[in-house]
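Participant: show me the folded form of this:
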Amino acid sequence: MERPAWAGPDIDVDKPSPARVYDVHLGGFHNFQVDRDVARKITEVMPELPLILQANRSFLRRAVRHLVEQGITQFLDLGAGIPTVGTVHEIAWRLNPDCRIVYVDVDPVAVAHGRAILQGVDRATAVRGDLRSPEKILDDPQVRELLDFSQPIAILMVAVLHFVPDEDDPAAAIRRYLDAVVPGSYLVISHASLEGKTPQRTEDATEQYRSRVTDFSMRTRAEITDLFTGLELIEPGVVYLTEWHPDPGDETGDPAWTSTFAGVGRKV
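Facilitator: This next block holds a predicted model:
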């Protein structure tokens, strides 16, 4: 296929990536035909998926807003994906323009696009890294330059931990990030689950993802709650996406349609 101008020579345009497939579902344009083909196949078995991902983005917006209102001014967004409308810096800067944000993703397209839109901005940056390698990310000079680890930091793991299999021990990675930040810091997680309203469709979509993109590890509500071990869970705890601090007019039907749990915890 013809290589878009925004795709560097080191980017494989024939292999789908989680970040770019997500971008397709959100209506973005930084993706390739291979990503669009995968997204179409997945939505054939789970038509509600784009709405679920939009609900996930709404949760991110509400969580960031809540944290800024609590005085948080620093965000480490792990598995950030491709920045689209409603990203962390846009949300945070509306409330406090002094907020600082580091986006981290393993996909070079996500990082390249993030750097492009943040060019000339001194309070946000994008770095390439795998959240399963906490030391490399925490020691990255750009991360250390922008974030002050003597002050509270919000660690965001939104719609990314289901890409980390059990053998890679996501709980251990989370503990390492939490060990690096001071009390008063926060952890934000959203995570897909088979405990939703349509478990068979969710499982079918998961198999499509596993066979076409990358590993995908569904976890139960209890397992997702365990990822917050040692933290003070912010009310209402680990709940379906639309149940976490909903805005007026948000979805009021059965929240299980999202098949995704979310929560925010505070280090004390």
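Participant: so where's the stretch 151-268 of the chain shaky on pLDDT?
Facilitator: For the stretch 151-268 of the chain, the stretches flagged by pLDDT under 70 are 196-215, 251-252.
Participant: residues contacting the spatially most central residue of the chain?
Facilitator: Central residue of the chain (CA atoms, centre = their mean): V158, 2.8 Å from the mean position. For V158, the contacting residues are N56, F59, L60, A63, D77, G79, V188, I189, S190, by CB atoms under 8 Å, 6 or more residues apart in numbering. The C-beta positions use only the backbone N, C-alpha and C, and glycine is treated the same way.
Participant: 10 Å - rerun?
Facilitator: By CB atoms under 10 Å, 6 or more residues apart in numbering, V158 lies in contact with 56-57, 59-60, 63-64, 77-81, 88, 188-191, 262.
Participant: tell me the helices and strands packed up against the helix or strand hosting L187.
Facilitator: Assigned by DSSP states H and E, L187 falls within strand 186-192. If you count contacts as 3 or more CB pairs under 10 Å, 6 or more residues apart in numbering; DSSP states H and E, strand 186-192 packs onto helix 49-69, strand 74-78, strand 154-158, helix 170-179, helix 199-212, helix 221-226, strand 260-266.
Participant: reformat those as a markdown table; add distance to A92.
Facilitator: Shown next, in a markdown table, are the helices and strands packed on strand 186-192 (distance: least, CB to CB, whole Å):
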| stretch | distance to A92 |
| --- | --- |
| helix 49-69 | 5 |
| strand 74-78 | 7 |
| strand 154-158 | 9 |
| helix 170-179 | 19 |
| helix 199-212 | 30 |
| helix 221-226 | 25 |
| strand 260-266 | 15 |
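Participant: and these: which comes nearest H25?
Facilitator: Closest to H25 of the helices and strands packed on strand 186-192 is helix 49-69 (CB to CB; 4.6 Å).
Participant: just the CA atoms of that closest one, as CSV, please.
Facilitator: Below are the C-alpha coordinates for helix 49-69, written out as CSV (Å, rounded to 0.1, in the frame of the first residue of the first chain):
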residue,chain,number,x,y,z
LEU,A,49,-17.7,-2.0,20.3
PRO,A,50,-17.3,1.6,19.0
LEU,A,51,-19.8,2.8,21.5
ILE,A,52,-18.0,1.0,24.3
LEU,A,53,-14.7,2.6,23.3
GLN,A,54,-16.5,6.0,23.2
ALA,A,55,-17.8,5.3,26.8
ASN,A,56,-14.2,4.5,27.8
ARG,A,57,-13.0,7.8,26.4
SER,A,58,-15.8,9.5,28.4
PHE,A,59,-14.6,7.7,31.6
LEU,A,60,-11.1,9.0,30.9
ARG,A,61,-12.5,12.5,30.6
ARG,A,62,-14.4,12.3,33.9
ALA,A,63,-11.4,10.7,35.7
VAL,A,64,-8.9,13.3,34.6
ARG,A,65,-11.3,16.1,35.5
HIS,A,66,-11.9,14.6,38.9
LEU,A,67,-8.2,14.3,39.6
VAL,A,68,-7.4,17.9,38.5
GLU,A,69,-10.2,19.0,40.8
